[in-house]
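Peer 1: no sequence on this one, just coordinates:
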């Protein structure tokens, strides 16, 4: 995220959703109002992130999705206010996602009894950096590991023709944390037996972790070895850049990896839903928001509750 103000805003959004979930569990009359307020704040949060993704990160996929999230959040709040109580499940999911993600984003290193405990973000980044380096080396490439802009040993330095140095850094966005937080939040939000929730997590998290390592390895090698130097002028124009060495990075990361990530998330969602069909309530709400039509995905996908031979259990309140 762009900075401390954005972090504080994120905690405000998550805190509002958590409060709404607590009030809803106690059937408090203010629960709906608080949760609707959470959706309005969530829309404002995505709006202030749009320039970061679209112009700073130069990610068209993330920029478009961020901008689209603004009216989607406002519409979710409107539907909840209008009586679509099943959206309380999605609201709980957003709260849980934030509680998983934000500690990594915002908690700094802590000094205790003369010892410095590293920030959760640093631990995660360095773990992914080490494993990405292992895969890069296994494929026959041996870039130098150096200290990056964040002060971590999280940057691989390749040397191109003419002794030009190309540096590829692993940052929090490269760890797969966002995707893992999404699935953890969705799984936590529905009402289902704990054993099936754990099975769903056991499906989602390892797959996301492994696919993310494939992604970081692919981007690192493609950029470091300049393997995707095609349509150079067009790519530079599209991303508003003048550095021809950046073309392989833009194509490998901003285009190929992000498009394939969407496909992968759809596939993972299907596998998780097979273990936890209660998630279909959230998916049906999302489809209703997109199309204005009601869906019965359990019947469409021929899914039943894994605990019995009957229909899936309801996930709504």
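Peer 2: Here it is on my side, so go on. These numbers were taken from a predicted model, which means no experiment stands behind them.
Peer 1: list the contacts for residue 188?
Peer 2: 92, 93, 96, 197 (CB atoms under 8 Å, 6 or more residues apart in numbering). Yep, even glycine has a C-beta here, placed from its N, CA and C like the rest.
Peer 1: could you dump the residues you listed to JSON lines with pLDDT, secondary structure and distance to residue 52?
Peer 2: Below are the contacts of residue 188 laid out as JSON lines (pLDDT from 0 to 100; DSSP: H, G, I helix; E, B strand; the rest coil; distance: CB to CB, whole Å):
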{"residue": "92", "pLDDT": "97", "secondary structure": "helix", "distance to residue 52": "27"}
{"residue": "93", "pLDDT": "97", "secondary structure": "helix", "distance to residue 52": "23"}
{"residue": "96", "pLDDT": "97", "secondary structure": "helix", "distance to residue 52": "24"}
{"residue": "197", "pLDDT": "97", "secondary structure": "helix", "distance to residue 52": "33"}
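Peer 1: scan the residues you listed and report the most crowded one.
Peer 2: Counting neighbours by other CB atoms under 10 Å, residue 92 leads these with 26 neighbours.
Peer 1: and the gap between the residue lying closest to that residue once chain neighbours are set aside and residue 40?
Peer 2: Leaving aside its sequence neighbours, residue 92 sits nearest to residue 189 (CB to CB, 6 or more residues apart in numbering; 4.0 Å). Separation of residue 189 from residue 40 (CB to CB, to the nearest Å) stands at 20 Å.
Peer 1: surely residue 34 and residue 26 touch.
Peer 2: No. Residue 34 is beyond contact range of residue 26, at 11.8 Å (criterion: CB atoms under 8 Å).
Peer 1: doesn't residue 89 make contact with the residue nearest to residue 92?
Peer 2: Yes. Under the criterion of CB under 8 Å, residue 189 makes contact with residue 89 at 5.4 Å.
Peer 1: need the contacts of residue 188 in CSV with distance to residue 203, can you?
Peer 2: Below are the contacts of residue 188 laid out as CSV (distance: CB to CB, whole Å):
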residue, distance to residue 203
92, 21
93, 17
96, 17
197, 11
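Peer 1: distance check, residue 208 against residue 106.
Peer 2: Relative to residue 106, residue 208 is positioned 22 Å away (CB to CB).
Peer 1: higher neighbour count, these two?
Peer 2: Between residue 208 and residue 106, counted using other CB under 10 Å, residue 208 has the larger neighbour count: 23 against 17.
Peer 1: can you give me the strands for the stretch 151-300 of the chain?
Peer 2: 155-160, 164-169 (DSSP state E, counting those that start in this stretch).
Peer 1: among these, which comes closest to residue 286?
Peer 2: Closest to residue 286 of the strands of the stretch 151-300 of the chain is strand 164-169 (CB to CB; 33.6 Å).
Peer 1: residue 144: what's its closest spatial neighbour, skipping adjacent residues?
Peer 2: residue 157 (4.5 Å).
Peer 1: can you check residue 43 too?
Peer 2: Nearest non-adjacent residue to residue 43 (CB to CB, 6+ apart): residue 73, at 3.5 Å.
Peer 1: need phi/psi at that neighbour.
Peer 2: With angles defined as degrees, to the nearest 10, residue 73 sits at phi -60, psi -40.
Peer 1: rewinding a little: more neighbours: which of residue 189 and residue 40?
Peer 2: residue 189 (24 against 16).
Peer 1: can you pull the contacts of that one?
Peer 2: By CB under 8 Å, 6+ apart, residue 189 lies in contact with 89, 90, 92, 93, 95, 96, 282, 315.
Peer 1: the residue positioned nearest the centre of the chain and residue 108, how far apart?
Peer 2: The centre of the chain sits closest to residue 178, judged by CA atoms, centre = their mean, with a distance of 2.5 Å. The gap separating residue 178 from residue 108 is 20 Å, by CB to CB.
Peer 1: then residue 295?
Peer 2: In terms of CB to CB, residue 295 sits 44 Å off from residue 108.
Peer 1: pick out whichever of the two has more residues nearby.
Peer 2: More crowded of residue 295 and residue 108, by other CB under 10 Å: residue 295, with 15 against 11.
Peer 1: shaky segments in the stretch 151-300 of the chain?
Peer 2: Judged against pLDDT under 70, the stretch 151-300 of the chain has no low-scoring part.
Peer 1: in it, which spans are helices?
Peer 2: Counting by DSSP state H, counting those that start in this stretch, the segments of the stretch 151-300 of the chain that form helices are 177-189, 194-224, 232-239, 247-249, 258-275, 280-291, 297-300.
Peer 1: distance between the first one and the chain's centre?
Peer 2: Same thing as helix 177-189. Centre-to-centre, helix 177-189 and its host chain are 8 Å apart (CA atoms, centre = their mean, to the nearest Å).
Peer 1: compute the inter-axis angle for that helix and helix 280-291.
Peer 2: In terms of direction (axes from the mean of the first three to the mean of the last three CA atoms, to 10 degrees), helix 177-189 departs from helix 280-291 by 120 degrees.
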